[in-house]
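> The following comprises the amino acid sequence and a computationally predicted model.
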Amino acid sequence: LHMQGGDKRKALETLCHSAGVPFIPNSNAERILTQRQLAEAALEKACKAFPIDADKTPQAVLDYLAKRKVTEKTRKYFGFIPKGQLSTVLSDEEIYTTGLGEREDLIILWYFNGERPVYYCTRDVATKAFKKASVQNGALQHPMWNGDDLYIQPNVVWGEGMFDCISLMEMGYGVCGEITCNLIEAHKESLLTALRWRAKNHPDWTFTICLDNDEQTADGRRRGNEARLQYGCGAEASTLSG
């Protein structure tokens, strides 16, 4: 903005050009779309700049991922931004729009659409705290994790939890999920659409729901089991054709 003499429109045009996306002027919907394009371009830059790397990632993080059985096969889904390093890659505006400024020193799990990261969640190695990216400003959309597999993998497992999903992938399964146990309302239609497509075009393909068999909580609830009921699968994990 400063380089464009305070002209926000010209600044956005310049940012869009550098990110390789079209500039769309005016209207709130178009503004949100432009913000989303810029945010996703910024996520891609961060993903490429801060991969899990034996020479750059702290040993504690490497050890933690190794303990969780993450290998070269699935390492691309993770990232780690050392404290104070994000500003060397992203502008202040990009940091604010993506929310990554609060995610330094945390393990990042990227959500990809095709080959591009479009969303993320994080895990704190020390506290095990889990947090998803905010979508409140409209700049990011929260998709199902690894939803592409629903259209390209014959046998897909719907998993729960960041590392449960990764473990299933390490074993060679196609994997998709919410990372948390309950299906988000906004994702129901897209999941059903994918399952209908699988049933119509590939009736021999399978879709398996594999959620936690949680211990009973103090209030008598068992979260993973309740989530299975939400999917219409009964108390046990189920395999559905298509």
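Looks like it arrived, so ask away. Numbers count the residues shown, from 1 in each chain.
> shaky segments in the protein?
Filtered on pLDDT under 70, the chain yields the residue ranges 1-9, 12, 17, 19-33, 213-242.
> where does the most centrally placed residue in the chain land in three-state SS?
For the chain, the residue sitting closest to the mean C-alpha position, by CA atoms, centre = their mean, is residue 111 at 2.6 Å. Three-state call for residue 111 (DSSP: H, G, I helix; E, B strand; the rest coil): strand.
> residues contacting the nearest residue to it once chain neighbours are set aside?
Nearest non-adjacent residue to residue 111, counting by CB to CB, 6 or more residues apart in numbering: residue 119, 3.9 Å away. Where you see a C-beta, it was placed from the backbone N, CA and C, and this is true even at glycine. Applying CB atoms under 8 Å, 6 or more residues apart in numbering to residue 119 gives the contacts 43, 110, 111, 132, 133, 140, 141, 142, 143.
> now, which of the residues you listed lie within helices?
residue 43 (DSSP state H).
> Run a quick neighbour tally on the residue lying closest to residue 42 once chain neighbours are set aside.
Distances taken as CB to CB, 6+ apart put residue 94 closest to residue 42, at 3.8 Å, once the chain neighbours are dropped. Counted by other CB atoms under 10 Å, the residues lying close to residue 94 total 22.
> and residue 94, that one's in a helix?
Yes: secondary structure of residue 94 (three-state DSSP): part of a helix.
> just the helices in this protein please.
Going by DSSP H, the chain shows helices at 8-19, 28-49, 59-67, 92-98, 149-152, 162-170, 188-201, 223-230.
> With residue 176 as the reference, name the closest of those.
For residue 176, the closest of those is helix 149-152, at 5.2 Å, according to CB to CB.
> which outside residues touch that closest one?
Against helix 149-152 from outside (CB under 8 Å, 6+ apart): 144, 156, 174, 175, 176, 191, 194, 195, 197, 198, 207.
> What is the nearest of those to residue 128?
The closest of those, once distances to residue 128 are taken by CB to CB, is residue 175, at 21.2 Å.
> wait, doesn't residue 170 sit right on residue 71?
Yes: counting by CB atoms under 8 Å, residue 71 is a contact partner of residue 170 at 6.3 Å.
> more crowded one of these two?
residue 170 (16 against 10).
> Quick check: the gap between that one and residue 94.
Distance from residue 170 to residue 94, counting by CB to CB, to the nearest Å: 32 Å.
> Go through stretch 186-199 and flag the buried ones.
191, 194, 195, 198 (16 or more other CB atoms under 10 Å).
> Tabulate the CA atom coordinates of that stretch in CSV.
Provided in CSV are the C-alpha atoms of stretch 186-199 (Å, rounded to 0.1, in the frame of the first residue of the first chain):
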residue,chain,number,x,y,z
ALA,A,186,-21.9,-26.9,6.0
HIS,A,187,-20.2,-30.0,4.8
LYS,A,188,-23.1,-32.4,4.8
GLU,A,189,-24.3,-31.6,1.3
SER,A,190,-20.8,-31.8,-0.2
LEU,A,191,-20.1,-35.1,1.5
LEU,A,192,-23.5,-36.5,0.3
THR,A,193,-22.8,-35.2,-3.2
ALA,A,194,-19.5,-37.0,-3.3
LEU,A,195,-21.0,-40.3,-1.9
ARG,A,196,-23.8,-40.1,-4.5
TRP,A,197,-21.2,-39.6,-7.2
ARG,A,198,-19.2,-42.6,-5.9
ALA,A,199,-22.3,-44.8,-5.8
